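Enquirer: Okay, here's the prediction I keep looking at, along with the sequence it came from:
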Amino acid sequence: MIISFLTKNFYINIIVVTLIFILDRFSKIYVINLSKVNFSSELYRSKYLNISLVWNEGIAFGLLSFNQSYIYNLLSLLIAIIIIFIFFMIIRNDNIKRYPLLMIFAGAIGNLYDRIVYKAVPDFIDFHIGEFHWFIFNVADIFISLGVFFMILLELIDNNKKNEKN
């Protein structure tokens with residue numbers, strides 16, 4: 001199983017993960033450096049989009065933020081275990097479902113990297129309508145969300161095909 005992963009589409013998989021990881025890293029580094037230069041976490045404001053650096057110590061979209069380091073470390077370990085699980089799912093899939101899994105994997109690796117290096121994940125994209133603000137997120141979160149969306153879509157398509165055959 002692992003040997004077929006290393007030979008079949010290996011380079012495409014590596015390129016997808018690397019490109020997403022690099023895009024995520026560059027965007028985060030750019031926003032972090034820009035906030036240092038401007039001496040402010042508020043970098044851009046418009047009617048529907050703000051770029052504001054927020055350090056997220058929780059999980060997705062700032063949920064479950066904790067001050068205790070042991071809970072943070074336990075949460076990071078749990079995320080690392082989930083990433084390993086996703087890696088094995090990628091190895092087992094040799095169809096189109098591999099690509100959404102690669103998107104989830106790369107985004108999760110990007111955020112785990114930040115959790116290890118910065119002890120928090122830099123989030124900075126803030127969509128809003130009036131006073132209603134969605135969760136602040138980053139490029140890795142975009143790819144994780146897109147990967148989950150495409151996985152759900154593919155499952156719905158597969159279920160429809162199975163129902164049509166019966």
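Expert: Arrived safely, thanks for sending.

Enquirer: Give the rounded mean pLDDT of whichever strand or helix holds Leu43.
Expert: Assigned by DSSP states H and E, Leu43 belongs to strand 42-45. Strand 42-45 shows a mean pLDDT of 79.

Enquirer: Just to check, Phe150 is in contact with Ile104?
Expert: No. Using Cβ atoms under 8 Å, Phe150 is not in contact with Ile104; the gap is 9.3 Å. Where C-beta positions appear, they are placed from N, C-alpha and C, glycine not excepted.

Enquirer: follow-up on the earlier one: in the strand holding Leu43, which residues are buried?
Expert: Neighbour counts using 16 or more other Cβ atoms under 10 Å place Leu43 of strand 42-45 among the buried residues.

Enquirer: can you give me the offset of the helix or strand following it from its chain's centre?
Expert: For strand 42-45, the succeeding helix or strand toward the C-terminus, using DSSP H and E, is strand 49-56. Taking the mean of its C-alpha atoms, strand 49-56 sits 16 Å from the chain's own mean (Cα atoms, centre = their mean, to the nearest Å).
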